[in-house]
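**Q** Sequence plus predicted model, see below.
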Amino acid sequence: MLNRIVIILILAGAAFAGTIVLMKTISMTDETGPSAGEEMERRLEKLRSVPYTARTAPSPDSLLAGVVLHVPDRAYPGYNLYCSRTTPYAHLMDMEGRIVHSWTYATGGDAIWEHAVMLENGDVVVIRKMASLVRLDWDSNLLWETPLEVHHEVTPLPDGTFYTIAREVREHRGLEIRFPSIVWLSAAGEVMERWSTYDHLGEIKAALDQRSFLDTVLDDLLAEWDSAMLYESIHRQPGMFRLKGNREYFDYLHLNTITRLSETRSGQLDDRFKPGNLLICFRNVNQIGILDRDSKEILWAWGEGALQWPHHPTMLEDGNILIFDNGVERRTSRVIEIEPSSGQVVWEYVADPPASFYTSQRGSAQRLPNGNTLICDGNGGRAFEVDTGGEIVWEWFNPDVKNGRREQIYRITRLSPDAVEPLLGVVRE
């Protein structure tokens, strides 16, 4: 009897801006044995993703709100910048959980305020997910708005320009697939350059480990299934996410981070890590990489076999790289610090017990000046700071709750008192 394999692609609907979920049921005869089932499970798992939602699941800690732990002499002092995913606000919060300043702007529509960065003068640049990039001054006056299918990242550069990530939908192998682009904008929000991963897919595949690439997984499946059956099964599913023109999509690479390298020890020793080059993260193929600023050549890559849907890699002053590793297969998240030339993990945060810290999407990790690490549990709507030994010295739960569920956050950023207090009019002796 032939194996019966049913692939059902479900995305939670247009209310959830997310990626494809590939769910499956497998029924086998005794002749195939457990090992065949495990192998098919592994291959199907490579195509699985989880829909983005905006609120946490109900949990026993749903009544926790605000700062629940603060050890002042061990936590790094400052202010925390964050956005709740379904509210049109960016907030500055002190270490006790008090909101000391907020930005908001009625731009119309219900786009998620996914992430915001604050500039030195108090302006914020806000990602209205898949809608626009918005710059507001300290008093929330609109300076400019650029319509763009933007998501995940906006990176200010020293010359006043910005990098961000935008999506485009292109046909690939008979499927509608989302491909990310790196977009370079002027200080006034004008698009100056766009680098498409679709146009450079061959170069990207040549530079990265291809084990988790969509093409690799499809090729594996097509080796066992009739191609017409596979593609017909994909296209006939009624629960697919509907994009413009009733199109269906896969999310091929899922670029979620762009950070500009500063002067570091790694850059002094290895020209690939020189200042100005870009550290990027391709979540869906489990890899981070260094992109040449001018040529966009991938100079270095790492992660396949070690990372599982990572987020927010940043290069530290000593040249190591800090990474939020979501751990979607092991179902426990961690934060690791690696030495890039060897890929050796030199520091790691894992919760005790490990399963108590898990976010399948989102998440960030920021190394603070005192050596502590600020971690964002995105799906849990929670942030916490740990010292070098992994002990929590500050912990906060998003107080925004709707229908008994805490609002999720994508990232949280700790800003120094010197960066914030002059804007607040605070004078210290």
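**A** Now that the structure is in, tell me what you want to look at.
**Q** Okay, buried residues for stretch 323-336 please.
**A** 323-328, 332-336 (16 or more other C-beta atoms under 10 Å). (Each C-beta comes from the backbone N, C-alpha and C, glycine too.)
**Q** who's in contact with that stretch?
**A** 45, 50, 281, 288, 303, 306-313, 322, 337-338, 345, 347-351, 354-355, 357-361, 363-365, 373, 375-377 (C-beta atoms under 8 Å, 6 or more residues apart in numbering).
**Q** can you give me the strands for the stretch 151-300 of the chain?
**A** Listed in chain order, the strands of the stretch 151-300 of the chain (DSSP state E, counting those that start in this stretch) span 162-172, 175-185, 191-196, 250-251, 255-260, 278-282, 287-291, 298-302.
**Q** Just put the ones you listed in CSV and tack on distance to His152 and mean neighbour count.
**A** Listed next are the strands of the stretch 151-300 of the chain as CSV, based on distance: least, C-beta to C-beta, whole Å; neighbours: other C-beta atoms under 10 Å:
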stretch, distance to His152, mean neighbour count
strand 162-172, 5, 19
strand 175-185, 9, 21
strand 191-196, 15, 14
strand 250-251, 12, 21
strand 255-260, 4, 21
strand 278-282, 9, 24
strand 287-291, 14, 24
strand 298-302, 19, 19
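**Q** what's the closest of those to Ala207?
**A** strand 298-302 (3.7 Å; C-beta to C-beta).
**Q** relative orientation of the closest one and strand 278-282 in degrees?
**A** 50 degrees (axes from the mean of the first three to the mean of the last three C-alpha atoms, to 10 degrees).
**Q** Helix or strand next in line after strand 298-302, which one?
**A** Next helix or strand after strand 298-302 toward the C-terminus (DSSP states H and E): strand 311-315.
**Q** Packing partners of that next one?
**A** Contacts defined by 3 or more C-beta pairs under 8 Å, 6 or more residues apart in numbering; DSSP states H and E place strand 311-315 against strand 255-260, strand 278-282, strand 321-325, strand 364-367.
**Q** Pull up the pairing partners for the second one, direction included.
**A** In the sheet, strand 278-282 lines up against strand 255-260 (antiparallel), strand 287-291 (antiparallel) (DSSP bridges).
**Q** before we move on, what about the last one?
**A** Looking at strand 364-367 with DSSP bridges, its partner strands are strand 373-377 (antiparallel).
**Q** Can I get the strand it pairs with as PDB, trimmed to CA atoms?
**A** Provided in PDB are the C-alpha atoms of strand 373-377 (Å, rounded to 0.1, in the frame of the first residue of the first chain):
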ATOM      1  CA  THR A 373      22.400  41.100  28.000                       C
ATOM      2  CA  LEU A 374      18.800  42.500  27.500                       C
ATOM      3  CA  ILE A 375      16.600  39.700  25.900                       C
ATOM      4  CA  CYS A 376      13.200  40.100  24.300                       C
ATOM      5  CA  ASP A 377      10.900  37.200  24.500                       C
END
